[in-house]
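Here is a sequence together with a model predicted from it:
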Amino acid sequence: MLQTLLDQFLQNSGLELLAVVLAVAYLLLAVKENDYCWHAAFFSTLIFLYLFWQVRLYMESALQIFYLAMAVYGWQQWRQETDNKPRLAIQRWSWLRHGLVVSCVLLLSGISGLLLSHYTDAQLPYLDAFTTWASIVTTYMVTQKVLENWAYWLLIDSVSIYLYLDRALYFTALLFLIYILIIAYGWSTWQQRYSQQSAADSARL
């Protein structure tokens, strides 16, 4: 059993490993609020789009197309301040807004999972749908520097690990395990910067 898993792991493509490296670079740069995180995200996403389609994770494949657009949008939003545009600051959403977002994600996941299970050969359709819709919302949160994005990613990435292990995408599952470790650091770093921003804003009043 162990040898079979090891053989499958070693047979994963170099493309998948490259996508993982770029994805880790994206998250580490995002923690630092470095604009170049979106460049790494764009090229990592191109590779994952191909990989997910090959293993019939269709919602995940569609998600990558959205990620490509968000990589461009995120880069535009995060660009260094100019004379006409101040640097984007970390913000928080209200509990009501989070409640509405979570409700919509669950509803869309249920509908999408049902359609996928009836009309396609998709694997794990409900989990595939959930990670897709939740990731769409959370990626937008990152482009807007919403602090709570880290909590959303913690849940999404935990579910994704199971999803990718089931599809024998072992490098990708390892990536999401690494993500979970980085999330704690990212959350703490952004929380500290948010507190500093709030203190600076209060001092100016």
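Okay, I see it.

residues near Trp133, how many?
23 (other Cβ atoms under 10 Å). All C-beta atoms are positioned from the backbone trio N, CA, C, and that covers glycine.

Let me fix that, I meant to ask about His39.
Using other Cβ under 10 Å: His39 sits among 16 other residues.

in what helix or strand does it lie?
helix 37-54 (DSSP states H and E).

Please enumerate residues in contact with that helix?
Here helix 37-54 makes contact (Cβ atoms under 8 Å, 6 or more residues apart in numbering) with 13, 15-16, 18-20, 22-23, 25-30, 58, 60-61, 64-65, 67-68, 70-72, 74-75, 78, 169, 172.

Just the helices from the protein, written as ranges.
Assigned by DSSP state H, the helices in the chain fall at 2-10, 14-31, 37-54, 58-78, 95-119, 125-143, 149-166, 170-204.

which regions of this structure sit below the pLDDT cut-off?
Low-confidence segments of the chain, defined by pLDDT under 70: 1-13, 80-86, 203-205.

what's near enough to touch Tyr58?
Counted by Cβ under 8 Å, 6+ apart, Tyr58 has contacts Phe52, Leu116, Thr120, Ala122, Asp128.

Most neighbours out of these, which is it?
Of all these, Asp128 has the most neighbours under the rule other Cβ under 10 Å, reaching 29 neighbours.

Report whether the expected contact of that one with Gly113 is present.
Yes - in this structure, Asp128 is within contact of Gly113 by Cβ atoms under 8 Å, at 7.4 Å.

Just name the most buried of the helices of the chain.
helix 125-143 (a mean of 22; mean count of other Cβ atoms under 10 Å).

follow-up on the earlier one: distance to Tyr164 for the contacts of Tyr58 - can I get that in JSON lines?
Formatted as JSON lines, these follow (distance: Cβ to Cβ, whole Å):
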{"residue": "Phe52", "distance to Tyr164": "9"}
{"residue": "Leu116", "distance to Tyr164": "17"}
{"residue": "Thr120", "distance to Tyr164": "19"}
{"residue": "Ala122", "distance to Tyr164": "15"}
{"residue": "Asp128", "distance to Tyr164": "11"}
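
Among those residues, which one sits closest to Thr139?
Phe52 (15.5 Å; Cβ to Cβ).

Tell me the spacing between that closest one and Tyr58.
8 Å (Cβ to Cβ, to the nearest Å).

same deal with Ile156?
Ile156 is 18 Å from Tyr58, by Cβ to Cβ.

Could you do Leu29 as well?
29 Å.

isn't Phe193 right next to Ile90, touching?
Check again: residue 193 is Arg, not Phe. Yes - assessed by Cβ under 8 Å, Arg193 is found in contact with Ile90 at 5.7 Å.

Which residue, other than its chain neighbours, is closest to Met141?
Asn149 (4.0 Å; Cβ to Cβ, 6 or more residues apart in numbering).

Next up, the contacts around that neighbour.
Counting by Cβ under 8 Å, 6+ apart, Asn149 has contacts Thr138, Met141, Val142.
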